[in-house]
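*Asks:* take a look and give me a structure for this.
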Amino acid sequence: MFNSTFLDAIQHKQTPYTPIWLMRQAGRYQAAYRKIKEKYSIIDISTIPELCAEVTLLPIKQFNLDSAIVFSDILIPLKPMGISFEYKAGYGPLIHNPVKDIKDVEKLKPVNPEQDLKFTGDALKILEQELNVPCIGFVGAPFTLASYMIEGGPSKNYIKLKKFMYNQTPAWNALMDKLAVDMANYLNFQIESGAAVVQIFDSWIGILDKTDYLEYIYPHMQKMFSIIREKNADTPIILFGVNTAHLLSTFKTLQPNVIGIDWKTDLMDAWQSLGVNEVAVQGNLDPTVLFASQDIIKQKAKSILDSVNHTPGHIFNLGHGILPGTPEDNVKFLVDFVHEYSAR
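*Replies:* Purely as a prediction, here's the structure:
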């Protein structure tokens, strides 16, 4: 029997309990995933459909979660654009040919998801047959992808990115436009392949102030949303970023169905300021709480649930992804506690 609790919550319907899924719910903290990782790389797992489906299903089989999210990495669609990268242990993604100027932007090829990213579509089709919960498709937002493409990897201060944005603004806009179009097309392809919901991860957007967001990012996000809505008006969109308390009201004007709230922001305060009946919210337990005792996990999760007080439209999640080394027993405890405590 299909569990629609997650989809119902997005639509502000009364649900039998608060649905829960967790960002990065398939991954390094799981012993079963680490075993697969001994033989296969992240790129292998993301691009071999049967393997991708198997890994996506791991947390669904292990925990009583209310949604799956297709296993991939936000950089995967950059390869067909012509960006060469590898994942370095202890560092993260390393870009071999970072974008430095307009010539580099002009060299980027448009992505044809049906050909270049067919493996994601194939994995979603397998999952549609296997799952009894909805599956989320996702992409990295243009800004977050650009941060890796320009910096060449993770960054603490994003100096190269901001220099590019301020000093080469026409090149910046050309890059953002390409990414907005390609990522919107990729999300549409994921929806057509079976994704019931899509999430846009703008993980590093919180480094910008509101003025810069409105000038350098917002028009491209509007374009991205309009391309998705034009083809898939009824598919819910989740928009998520970290350190974004100052941007939440602007996010809302893009009209996502759900806004993800990080753990540094009071969830109910943020939701009330957004309009409780106007947008659903997702979040927002601190991921490091899962390293604490189960008493503390219970206390912190209870605090979030009590603040929401059964208001329809809340999806329980972490305020960012599950961290490597998180005890699997604590993940199970959290999922079960949220279901039991929030039961209507």
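
*Asks:* which helix runs longest in the chain?
*Replies:* Identified as the longest helix of the chain according to DSSP state H is helix 169-192.

*Asks:* strand partners of the helix or strand that comes right after that helix, parallel vs antiparallel please.
*Replies:* Next helix or strand after helix 169-192 toward the C-terminus (DSSP states H and E): strand 197-201. Here strand 197-201 is paired, per DSSP bridges, with strand 135-140 (parallel), strand 237-240 (parallel).

*Asks:* just how off-centre is the helix or strand that the last one is followed by within its chain?
*Replies:* Under the assignment DSSP H and E, the closest C-terminal helix or strand after strand 237-240 is helix 248-253. In terms of C-alpha atoms, centre = their mean, to the nearest Å, the gap separating the centre of helix 248-253 from the centre of its chain is 17 Å.

*Asks:* what about the stretch 101-250 of the chain, any weak spots by pLDDT?
*Replies:* Counting by pLDDT under 70, the stretch 101-250 of the chain shows no low-confidence range.

*Asks:* related to what we said a few turns ago, could the strands paired with strand 197-201 go into CSV alongside mean neighbour count and distance to Gln294?
*Replies:* Glycine gets a C-beta too; all of them are placed from N, C-alpha and C. Listed next are the strands paired with strand 197-201 as CSV, based on neighbours: other C-beta atoms under 10 Å; distance: least, C-beta to C-beta, whole Å:
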stretch, mean neighbour count, distance to Gln294
strand 135-140, 24, 27
strand 237-240, 24, 27
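
*Asks:* now these in a markdown table, with distance to Met165?
*Replies:* As requested, the strands paired with strand 197-201 are arranged in a markdown table below (distance: least, C-beta to C-beta, whole Å):
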| stretch | distance to Met165 |
| --- | --- |
| strand 135-140 | 17 |
| strand 237-240 | 20 |
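
*Asks:* among the ones you listed, which comes closest to Ser84?
*Replies:* With respect to Ser84, and counting by C-beta to C-beta, the nearest of the strands paired with strand 197-201 is strand 135-140 at 17.0 Å.

*Asks:* for that closest one, list the C-alpha coordinates in CSV.
*Replies:* Extracted C-alpha coordinates of strand 135-140, given in CSV (Å, rounded to 0.1, in the frame of the first residue of the first chain):
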residue,chain,number,x,y,z
CYS,A,135,10.7,9.5,-4.4
ILE,A,136,12.4,12.9,-4.4
GLY,A,137,14.5,14.0,-7.4
PHE,A,138,17.0,16.8,-6.9
VAL,A,139,19.6,19.2,-8.3
GLY,A,140,22.1,21.7,-6.9
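
*Asks:* following it, which helix or strand comes up?
*Replies:* Tracing the chain past strand 135-140, the next element assigned as helix or strand by DSSP H and E is helix 142-151.

*Asks:* can you give me the buried ones in the very next helix or strand once past that next one?
*Replies:* Once the chain leaves helix 142-151, the next helix or strand it forms, by DSSP H and E, is helix 159-167. Using 16 or more other C-beta atoms under 10 Å as the burial criterion, the residues of helix 159-167 that qualify are 160-162, 164-165.
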